[in-house]
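[1] Quick one: sequence plus predicted model below, questions after.
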Amino acid sequence: MSEHLSFHYSVDGDNFVSAGQASVQVKKNLRELGIAPEVIRRVSIAMYEGEINMVIHADGGNADVDVYEDRIVITLDDHGPGIADVTLAMQEGYSTANESVRSLGFGAGMGLPNMKRYTDDMQIDTVVGVGTKITMTIKL
Amino acid sequence: MNSYRHSVVLDEEKCTGCTTCIRRCPTEAIRILNGKANIDTERCIDCGECIRVCPHKAKKAKCSRFEHYMHYKWKVALPAPALFGQFNGLEDVDEVLEGLKRIGFDDIFEVAKAAEMVTAYTRTYLKTDHIKKPVISSACPVIGRLIALRFPYLKDNLLPIMPPMEIAAVEARKKAQREHPELKPEEIGIFFLSPCAAKVSYVRNGYGGFKSNVDVVISLSDIYFLLISAMKRGNVPTVNSESGMIGIGWASSGGEATALLNDSYLSADGIENCIQVLESIENGNIPQLEFVELNACIGGCVGGVMTIENPFIAKTRLQTVRRYLPVSRNFLSGDDAYVPPEYTVDGLPEYKPITRLSDSMGQSMRMMAQIQQIKQTLPGIDCGACGSPTCRAFAEDVVRGLASDGRCCVVLEQRKEETEGPSHDGT
């Protein structure tokens, strides 16, 4: 079935305060669609982690959520520095966040691992110096 | 279909349809229909914001008048601790308790006493293995309802212990029956003296499947005016308070949480703050916490809509009252160090997906697509003139069939200009 809904959000760079707004909006929309609470929570956590990552590393980017009858696809697209070593980045506790970000309580190295944990599929397309596109799928 | 009974009532004469309340309602439960504010009872969480913000005093909390319940032979007052913050220069809680006897109550059971019991039970409960943390306080009925409607994932985090008011009611009834075996059950009246409208709804509707033991809810403001003339300063009171600093402290935000003597807690007040905290807990982006106290009213219970005094002034007065009190007068002895089953709540509030557009996912998706489409055509200024709180809410109302798209005055004006050309004022 090709019929689907799209929600688009742009995530501001350098704004930790507004990071997370998109995930709150998504939650509201998914509740209206009657999606199960547990699924909403997984989408929301994956989105939130992704938003924060784009704020910390990529000066913001775009977040798109596509809802199909059988799945939800979250696409996070940025023009940041790219991820040099994806395997390393996927390790819990590994982070390239700088000291000032860490002093704010971010950069614990749990973002990507959590995004993978809470979704059914996660694809990372990244090119150093060009940007990163992460596609996460949650089955309904 | 809708069986939930609320406590907010509208004085139609006074309501001008001014849109103040629709924009301040945290659950977008109010619409202006035919020039009057109309509450969607499914969405309302009884937070009292609309009562607080109405510039015309058209919204009121509905509760009972003491004089209408004189038929109870034995009347027991359950004063919320917030009551003690309402009086200027009050030194001793006993003066208020004595006043309650003078205005016609036969006995008193302080909610502050029950609050100290809940504190003791909560400390025990927090040591239980395999419970979901953070434990979220169950004392504010607005928060319980909010979680049921909007944060179902956090349901199991709610403290499964009855709130102080309810334990006070159970204990007060037991005491009356024990001390006065000649009384028939229907002759005993349990009166909760409430700072907030949400407790009225709670008593009417029950909670998680049980019926409240409170018979009548009277507002603190009504009681205040009865008490003021009955309280004589300087007399030696014949009643003695049975609560301490902890119990009285529950009246303001942070009182319940700090009483747990556990530094891993969060306490927030004001409905918008509470919603933000719940969003954060749901997303897992707050520090590991043991306990979360949330009060829908700013300042906590002293900020309830049925109080007299400003919450911060009331809080300061409570500090004076608490000054010479023992920390607590209600403890658990070693053998009692468990939560009695009669005070635990099994049935948590049931999740109701009230904002769902339709029962079918396909239909909901089509409706959502329509909402997005209509929203594009709207000005996005959230003026409220159409009767819906935001342009987004208006688009949703149109798609749900609750509003006609001709109600947007900005769109109408644009259409007029398109057909007639721009208006020529001052020619």
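    Arrived safely. Residues are numbered from 1 along each chain as shown, chains lettered A, B, ... in the order given.

[2] can you give me the helices in chain A?
    With helices called from DSSP state H, chain A shows them at A:21-33, A:37-58, A:86-89, A:99-103, A:111-117.

[3] Deepest in the core, which of those is it.
    Mean neighbours per residue, mean count of other Cβ atoms under 10 Å in any protein chain shown, is largest over these for helix A:37-58, with a mean of 23. Bear in mind the C-beta positions are built from the backbone N, C-alpha and C, glycine included.

[4] angle of it against helix A:21-33?
    Going by axes from the mean of the first three to the mean of the last three Cα atoms, to 10 degrees, helix A:37-58 is angled at 160 degrees with respect to helix A:21-33.

[5] Which strands or helices does helix A:37-58 pack on?
    Contacting helix A:37-58 under the criterion 3 or more Cβ pairs under 8 Å, 6 or more residues apart in numbering or on different chains; DSSP states H and E are the following elements: strand A:5-12, helix A:21-33, strand A:60-67, strand A:71-78, helix A:111-117, strand A:131-139, helix B:271-283.

[6] With just CA atoms, put it into PDB.
    Backbone C-alpha positions of helix A:37-58 (Å, rounded to 0.1, in the frame of the first residue of the first chain) are rendered in PDB as follows:
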ATOM      1  CA  PRO A  37       1.900   3.400  23.400                       C
ATOM      2  CA  GLU A  38       5.000   1.200  23.500                       C
ATOM      3  CA  VAL A  39       5.600   1.900  19.800                       C
ATOM      4  CA  ILE A  40       5.100   5.600  20.300                       C
ATOM      5  CA  ARG A  41       7.700   5.500  23.100                       C
ATOM      6  CA  ARG A  42      10.300   3.700  20.900                       C
ATOM      7  CA  VAL A  43       9.800   6.200  18.000                       C
ATOM      8  CA  SER A  44      10.000   9.000  20.500                       C
ATOM      9  CA  ILE A  45      13.300   7.800  22.100                       C
ATOM     10  CA  ALA A  46      14.900   7.000  18.700                       C
ATOM     11  CA  MET A  47      13.900  10.500  17.400                       C
ATOM     12  CA  TYR A  48      15.100  12.300  20.500                       C
ATOM     13  CA  GLU A  49      18.500  10.600  20.400                       C
ATOM     14  CA  GLY A  50      18.800  11.400  16.700                       C
ATOM     15  CA  GLU A  51      17.800  15.000  17.200                       C
ATOM     16  CA  ILE A  52      20.400  15.500  20.000                       C
ATOM     17  CA  ASN A  53      23.000  13.900  17.800                       C
ATOM     18  CA  MET A  54      22.300  16.300  15.000                       C
ATOM     19  CA  VAL A  55      22.500  19.300  17.400                       C
ATOM     20  CA  ILE A  56      25.800  18.100  18.900                       C
ATOM     21  CA  HIS A  57      27.600  17.000  15.800                       C
ATOM     22  CA  ALA A  58      26.100  18.400  12.700                       C
END
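
[7] So what's the gap between that helix and the chain middle?
    Mean C-alpha position of helix A:37-58 versus that of the full chain (Cα atoms, centre = their mean, to the nearest Å) differs by 4 Å.

[8] Could you do stretch B:361-369 as well?
    Offset of stretch B:361-369 from its chain centre (Cα atoms, centre = their mean): 34 Å.

[9] Any residues of chain B in contact with chain A? List them.
    Within chain B, the positions lying close to chain A (Cβ under 8 Å from any Cβ of the partner chain) are B:150, B:152-153, B:279, B:282-285, B:351, B:353, B:355-359, B:361-362, B:364-366, B:368-369, B:372, B:396.

[10] Could you list the domains of chain B?
    B:1-62, B:66-343, B:357-420 (automatic domain parsing).

[11] do you know which of the helices and strands packed on helix A:37-58 lies nearest A:Ile52?
    helix A:111-117 (6.4 Å; Cβ to Cβ).

[12] Give me the packing partners of that closest one, helices and strands only.
    Checking 3+ Cβ pairs under 8 Å, 6+ apart, helix A:111-117 ends up next to helix A:37-58, strand A:121-127.

[13] Now render these as a markdown table, adding mean pLDDT and distance to B:Gln86.
    Formatted as a markdown table, those follow (pLDDT from 0 to 100; distance: least, Cβ to Cβ, whole Å):
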| stretch | mean pLDDT | distance to B:Gln86 |
| --- | --- | --- |
| helix A:37-58 | 89 | 40 |
| strand A:121-127 | 94 | 56 |
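
[14] want to throw those into JSON lines with distance to A:Ala19?
    As requested, these are exported to JSON lines (distance: least, Cβ to Cβ, whole Å):
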{"stretch": "helix A:37-58", "distance to A:Ala19": "5"}
{"stretch": "strand A:121-127", "distance to A:Ala19": "20"}
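
[15] re earlier: take the helices and strands packed on helix A:37-58 and lay them out in a markdown table including mean pLDDT.
    Shown next, in a markdown table, are these (pLDDT from 0 to 100):
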| stretch | mean pLDDT |
| --- | --- |
| strand A:5-12 | 89 |
| helix A:21-33 | 88 |
| strand A:60-67 | 92 |
| strand A:71-78 | 94 |
| helix A:111-117 | 90 |
| strand A:131-139 | 94 |
| helix B:271-283 | 92 |
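
[16] Nearest approach to B:Thr119 belongs to which of these?
    Closest to B:Thr119 of the helices and strands packed on helix A:37-58 is helix B:271-283 (Cβ to Cβ; 20.5 Å).

[17] tell me the SS of B:Ala114?
    Classification of B:Ala114 using DSSP: H, G, I helix; E, B strand; the rest coil returns helix.

[18] How much space separates it from chain A?
    32 Å (Cβ to the nearest Cβ, to the nearest Å).

[19] Contact partners for that residue?
    Contact analysis of B:Ala114 by Cβ atoms under 8 Å, 6 or more residues apart in numbering or on different chains lists B:Pro164, B:Met165, B:Glu166, B:Ile167, B:Ala168, B:Glu171, B:Gly247.
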